[in-house]
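Engineer: Build me a structure from this.
(2 chains)
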Amino acid sequence: MDVSQKDTQDPLGALPIITPGYSYASITDKLTALVLTKNTPAAWFAFMAVGFTLLMGLMMSLGYLLVKGIGIWGNNIPVGWAFDIINFVWWIGIGHAGTLISAILLLFKQDWRTSINRFAEAMTLFAVACALLFPLFHTGRPWLAVYWLLPYPNVMGLWPNFRSPLIWDVFAVSTYGSVSLLFWYIGLIPDLATFRDKAAKPIVKKIYGVLAMGWRGSARHWYRYETAYLILAGLSTPLVLSVHTVVSFDFAVSNLPGWHATIFPPYFVAGAVYAGFAMVLTLAIPLRAIYKLHDFITMRHLENMAKVTLVTGLIVVYGYVCEAFFGWYSGSLYEREMLRLRIFDGYYPWAYPTLLVCNFLVPQLLWIKKFRRNITVLFTVAMFVNVGMWLERFVIIVTSLSQDFLPASWAIYSPTRWDFMTFFGTIGLFTTLMFLFVRILPMISIFEMRTLLPEAATKSKPEGESH
Amino acid sequence: MTYADIRTRLASPTTPDGPAYWRSLDELANTEEFQDFVAREFPSQASEFNDPAGRRQFLKLMGASLALAGVSACTRQPEELIVPYVRQPEEVIPGRPIFFATSMTAGGFGMPLLAENHLGRPTKLEGNPQHPASLGATDIFGQAAVLGLYDPDRSRTLRYRGDTKTWAGFTTALQAVLNTQKALSGAGLRILTEPLTSPTLVEQLQTLLTAMPGAKWHQWDAVYGTVQGGAPTAMPLYQFKNADVVVSLDADFLGFGPASVRYTKDFSSRRRIGTPKDQQNRLYVVEPVPTLTGTKAAHRLAVKARDVHSIAAALASALGVAAPASGTLSAPVQKVLPVLAKDLMDHRGRSLVVAGPHQPASVHALARAMNEALGNVGTTVVYTAPVAATPADGAASLSALVADMNASKVDVLLILGGNPVFTAPGDIGFSDALAKVGTRIHLGLYYDETADLCDWHVPEAHFLESWGDARAFDGTITFQQPLIAPLYDGRQAVELLSALNGTPGRTPVELVKDYWTRAFATGGLIDASGPPFGTVDAFWRAALHDGFVASTSLMREGATLPAAPANSSFEEAAVSATGLELVFRPDPTVLDGRYANNGWLQELPKPISRLTWDNVVYVSYTTAEANHLKNEDVIEITSHGRTVKMPVWVMPGTADDVLVVHFGYGRRKAGRVGSNIGADPFVIRTAQAPWFTEGASFVRTGETHTLASTQSHFAMEGRNPVRIVDAAAYQADPTIVKHMGHTPDPDLSLYPPREYNGNKWGMAIDLNACTGCGVCIAACVAENNIPVVGKDQVKRSREMHWLRLDTYFEGDPASPTGTYHQPLPCQQCENAPCEVVCPVAATVHSDEGLNDMVYNRCVGTRYCSNNCPYKVRRFNFMLYSDFTTPELKAQRNPDVTIRSRGVMEKCTYCVQRINHARIDAKTAERPIADGEIQTACQQACPAEAIVFGDLNMPDSQVSKLAAQDRNYGLLEDLGSRPRTTYLAVVRNPNPALPSETSAGTKNSGH
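Structural biologist: Numbering: from 1, shown residues only, chains lettered A, B, ... in the order given. From the prediction side, this is the model:
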């Protein structure tokens, strides 16, 4: 069976998921060389420089925040949450794609996921790390919030308020974060062992050796590995749905018009996957170019991701329609007025149309195959979606809060430079972590790529064929 | 010159006492050698030393450090025994405040107060419940005055041309000056005071003027003591309780002046209706500026200030008074006037025409004639001789003084209080004239603009540090007693005048008591219950205890009033000219700038506009549209050849083609809070026309000035937060208010209703009575240690007021048909949305139904605020409470936590007061009685619009209000079940006038 045969078997398309002509050894060599032997590309330094600068900005803004209080941001009464929670939800949403790709697509046996799952998982972890900064630092007293939100026995006999969605958040996000980390790390172990074996310098060998936890590649290892990986995939799958559902409860459980909506859980999950895939595209396209990974991250991958983006995007738009419909159908004056103010003549009349352009109009380009296979269009659409999904949270959080029940308490919110510095700072943190990751760890799963080769076809699907 | 030289020179001062020491240092510093020395030794300061302004600062620092070095090195601490409390002083119980009756003054009139004193520190002021001018309530200044006591920027030292001097040095210098003046029988002596009613001070001044007949006493007060077009001859005292129909001719009797507290009490008693059948009063208001009184009107005519006279004349004619011709009146006025006249005729003896203090004497004369024609005198109004002892026309008095100063007739000017350099009208050139006076002496609380231009500045004692007396607006003798020894070595006017009268060294208490001992001897001082006091000590004790002498009130039943002088003549009404009219008003919270350094008053939203920290020009919607003006646009106003730049605020309800200029800002030397904010329009004010003038023009400058308003949206947007019905509709269907919103079935919840077996606290706020004065906010700030956040933070919508006052306009913004006020504290919901969402359980429900806030537990997620439909929670975005200024620490209420950064806070129904009452009740083994607990807002409210109490007690006042037909819960359709409920506004328009509003038929709920 050759590669072209494999492709024709694939009902989804004719593009290969790995460019023909690779062997086990050449895959291993090419992917290990990225970290171990080849010179670091200049673009890496450029991205790191930008990311690290922004990260320093984050450090500065958080430092100032701890000294002065969150008053350095633009939050006010009534807009108690603004950039802080927008950014939190945005990052958590981005984190979704990684787990979805690794877990759900694994269970659905979508082998095209293989070349993107590793860095998508890393992306998840880093996005969750960025996200976690916000709920912690946005509190008035983070030094207390850091442990008072956890249920721990104490002499005061005080527990957190389990009725509060913020406590549910703590459990949901921390579970998600830890399972994602485990999943990612377990997936890394065989590749870390490959690095150990390929590394020339003793110190590097040692480090990868410790991280590989004694992986020898024996059949028993592989058996246990596959079992553990599958179990974690099974565990992660509900988490993909649960974490953003719980995050959406922060809003849906409240009584605020614009927040208090039953559509929120599915709408948020779809939005998260949407945002996540857009971010994977945003990362994959430049990485592919910098590291010349066109053979492993093929047009097929990009096109598949574009399709997922389109579908989830449409679900999100369905969410908008539902929101509007139920706002009207509720018959509640506050809900109807909220919609009117949000869409037409509230304090932020630019936000909702821009959101529709970013999240609804522009992604419709992806219906057309030509655009799905055009790198520039894909990247542009992905950027639009990134912006659009951030705006979506802005619209939900800020416009709803700034004009709620009593007209006398309405007030406009405007962010300060520290808001922007913190936000771009987390982008810096994310970029820095991402580029550190591609520099020291295999950004594409080497051993799983090997299973994509035609000669591995029987081995790669042991359950499917032997049972 | 070396250090050793300096030391030698310092070690041998010419005289051994303090003042000489300071002078010698000054002399030393002026030598060339010393300047060289400084330049060499401190190169960085040398330039500053040569600069005259910096040099003073440098010398102060140098002097202070040298003096301190000297003190520590050369003197031993004297051995003084200190003794701790072994036995507690009688009545002083830590944790229990003691209240003392005292008073402050407004325009010279006594404003009676009770000062709460915690272990020797006054922390809060309340109204004196027995005093006829207060009946327990205060105005905003009464609430905020306590902050002024602890103001760290108050003047602390007696100064001569900027240098520190002693009182002894001052009296010596004063004596020298006085001796010269005695020879001239005082021809060169002038005294400038604020309006005075204090019997002691007036007697002292009269003694002085008798001894030196050439001396003159002038009076100036930019706010209270100045009139335009002559002062009315007689003083009216109104009985709003008896008035069914009230007409206000540019009189803001509810919002302005020393009588406003009492008048609000009386007026609101006719608005707090119990049943739909209760008769309300009906108020007609004619005014150029939207005022609190105007917001309570059933019919309001926004006219130019100069047109008020012709309207008064026309109305008088319609009532059969021989009034001058009124000229042509505008169509809306012509429509209302006959109806108004008929309404007045129908209520003979039960109606009232009130003329405002900014209107000329002839309007007052017309009002008096109308009241006489309507038979109101004796029932709703009495006319009496003015209570104030000073000439009523301050601007004329000040102009005369300036003329004398310019003619170099004034050798010595004594300015007792006030800040005339800042507040004097711009056209008379007070500051320039002041420079021509030989010796200028200033007594004042602050080293202000006036102090800066005077030779001598004597720091004045705050009224809470002072002995004194005054008459209230109704003539009641009201006393002042100190709550604390002067914090900053302040002196009182009585001391200064005593020194001037040749008896320096007498203490204020001696002086005041001495006057009253002599006054007692003349007889006539009788007890509240009737008989004369037995002894002078009994009188003095009773007077200080009560804070006033009840028998001296002219509003008392059976009081004998000094005969009112004859009415002044009517003048021809001015022919209404077209064009712009400039109207001057004091800023509603800082007045003429005297409260500029009071952060509470700066941040207290101004009535109706809800602005803070700035003064503005009000223009009407139509005028703004015609001139393409919008809020925050800066315009340059030119009047009488002088200009001022001020920001515009488009204020619905302002008369068209009127610029309402608020003065009181633009202080240059107010202190850290009040300096250099806002604009100073005193420059365009004139002594001839201090309140309104024609011939002004303005241009747009293209600049903008950021304004911080606590409210950004003034329309109700169909949500009916304030429910409004017409009296007729309410009488026809008493359930109409309940039907204006949807109340969910309380059994809708799956959970059983929570039982409250003990006390069940609740509050009811009568929006029909509320005048929107904002004293509730000021009282809340004072009681609950609420921090001041500053303009920038207010602009960011982060003000910390636990209680806010929402204002809503109704109708077309060009001519609003109604303005409504809604005080909004925490609603203490039974199903509180804030409680469920707090992740750390920092806001929890008490078994008495309070929604408690646990500051210690709060981590500051702000989720509670997001979920609060009323948005009454306040968050410490930064460290707003002042933890560092030592003076301010003494002011704080020890019963209330000072909140730190990062925690949420909100109204607690004054839980500290509840707890005090509970302890008392438990000790006495009795239940807490109704009315025993008053929240701070309730206590201060002159309209008695706020009632707090136990909803489990069926006959408590609050239960009765909760059971009223016009009671409703705000946003109760959300199911939050607020414990604070509102009583709807019932408008009382004249049925003969076409309804200007759809109120009463509007119905958004079901």
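
Engineer: Would you mark the buried spots in stretch B:329-346?
Structural biologist: Under the neighbour-count criterion of 16 or more other C-beta atoms under 10 Å in any protein chain shown, stretch B:329-346 has B:L329, B:V333, B:V336, B:L337, B:L340, B:A341, B:D343, B:L344 buried. To be clear about C-beta, it is placed using only N, CA and C from the backbone, and glycine gets the same treatment.

Engineer: Quick check: the third one is in a helix.
Structural biologist: Yes. Looking at B:V336 with DSSP: H, G, I helix; E, B strand; the rest coil, it is inside a helix.

Engineer: now it: how far from chain A?
Structural biologist: Relative to chain A, B:V336 is positioned 30 Å away (criterion: C-beta to the nearest C-beta, to the nearest Å).

Engineer: what does the first one give?
Structural biologist: Look at B:L329 and chain A: by C-beta to the nearest C-beta, they are 36 Å apart.

Engineer: which secondary structure element contains that residue?
Structural biologist: Secondary structure from DSSP states H and E places B:L329 outside every helix and strand.

Engineer: And for the last one?
Structural biologist: Take DSSP H and E as the rule and B:L344 turns out to sit in helix B:331-346.

Engineer: now the next helix or strand after that helix: how far from the chain's centre is it?
Structural biologist: Past helix B:331-346, further along toward the C-terminus, the next helix or strand under DSSP H and E is strand B:351-355. Its chain's C-alpha centre and that of strand B:351-355 lie 24 Å apart, by C-alpha atoms, centre = their mean, to the nearest Å.

Engineer: ranges for the strands of the stretch 501-650 of chain B?
Structural biologist: Remark: strands assigned in the stretch 501-650 of chain B by DSSP state E, counting those that start in this stretch are B:548-549, B:581-586, B:611-612, B:617-619, B:633-639, B:642-650.

Engineer: Quick check: which of these is nearest to A:M48?
Structural biologist: Across the strands of the stretch 501-650 of chain B, the minimum distance to A:M48, taken as C-beta to C-beta, is reached by strand B:611-612, at 48.0 Å.

Engineer: which helices and strands sit right next to the closest one?
Structural biologist: The contact analysis (3 or more C-beta pairs under 8 Å, 6 or more residues apart in numbering or on different chains; DSSP states H and E) places strand B:611-612 against strand B:708-709.

Engineer: any residue of the strand it packs on up close to chain A?
Structural biologist: No. Under the criterion of C-beta under 8 Å from any C-beta of the partner chain, strand B:708-709 makes no contact with chain A; the nearest approach is 9.8 Å.

Engineer: What pairs with that strand, parallel or antiparallel?
Structural biologist: Applying DSSP bridges, strand B:708-709 is found paired with strand B:611-612 (antiparallel).

Engineer: Distance from the chain centre to the strand it pairs with, please.
Structural biologist: Once both centres are worked out by C-alpha atoms, centre = their mean, strand B:611-612 turns out to sit 15 Å from its chain's centre.

Engineer: hmm, back to that, output the helix holding B:L344 as CSV - backbone C-alpha positions only.
Structural biologist: C-alpha atoms of helix B:331-346 as CSV (Å, rounded to 0.1, in the frame of the first residue of the first chain):
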residue,chain,number,x,y,z
ALA,B,331,-47.5,82.4,26.6
PRO,B,332,-46.8,79.6,29.1
VAL,B,333,-46.9,82.2,31.9
GLN,B,334,-50.1,83.7,30.6
LYS,B,335,-51.6,80.2,30.6
VAL,B,336,-50.7,79.4,34.2
LEU,B,337,-51.2,82.8,35.9
PRO,B,338,-55.0,83.0,36.0
VAL,B,339,-55.2,79.4,37.2
LEU,B,340,-52.6,80.1,39.8
ALA,B,341,-54.4,83.2,40.9
LYS,B,342,-57.6,81.3,41.2
ASP,B,343,-56.0,78.6,43.2
LEU,B,344,-54.6,81.1,45.6
MET,B,345,-57.9,82.8,45.9
ASP,B,346,-59.5,79.5,46.6
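
Engineer: can you state the direction angle for it and strand B:351-355?
Structural biologist: Between the direction of helix B:331-346 and that of strand B:351-355, the angle (axes from the mean of the first three to the mean of the last three C-alpha atoms, to 10 degrees) works out to 130 degrees.

Engineer: How about the stretch 251-400 of chain A: which residue is closest to chain B?
Structural biologist: Nearest residue of the stretch 251-400 of chain A to chain B (C-beta to the nearest C-beta) works out as A:S254 at 4.6 Å.

Engineer: The closest residue to B:D633 other than its chain neighbours and chain A: what is the separation?
Structural biologist: Sequence neighbours aside, B:V648 is the residue nearest to B:D633 in space, at 4.8 Å (criterion: C-beta to C-beta, 6 or more residues apart in numbering or on different chains). Between B:V648 and chain A the distance is 20 Å, computed by C-beta to the nearest C-beta.

Engineer: hey, what's B:V648 bridged with?
Structural biologist: Listed by DSSP bridges, the beta-bridge partners for B:V648 are B:V617.

Engineer: one step back: distance check, the residue of the stretch 251-400 of chain A closest to chain B against B:D973.
Structural biologist: According to C-beta to C-beta, to the nearest Å, A:S254 stands 16 Å off from B:D973.

Engineer: Counting neighbours, go ahead and name the busier of those two.
Structural biologist: The residue with the greater number of neighbours, taking A:S254 and B:D973 and applying other C-beta atoms under 10 Å in any protein chain shown, is A:S254; the counts read 22 against 18.

Engineer: how long is stretch B:939-958 from one end to the other?
Structural biologist: 14 Å (C-alpha to C-alpha, to the nearest Å).

Engineer: any idea of the mean pLDDT in that stretch?
Structural biologist: Stretch B:939-958 shows an average pLDDT of 93 in the prediction.

Engineer: One more: stretch B:847-857?
Structural biologist: Per-region confidence: stretch B:847-857 scores 91 on mean pLDDT.

Engineer: Please identify the buried residues of stretch B:843-853?
Structural biologist: For stretch B:843-853, burial by neighbour count (16+ other C-beta under 10 Å) applies to B:T843, B:V844, B:H845, B:S846, B:E848, B:G849, B:L850, B:N851, B:D852, B:M853.

Engineer: Pick out the residue of chain B closest to chain A.
Structural biologist: Counting by C-beta to the nearest C-beta, chain B gets nearest to chain A through B:G860 (2.0 Å).
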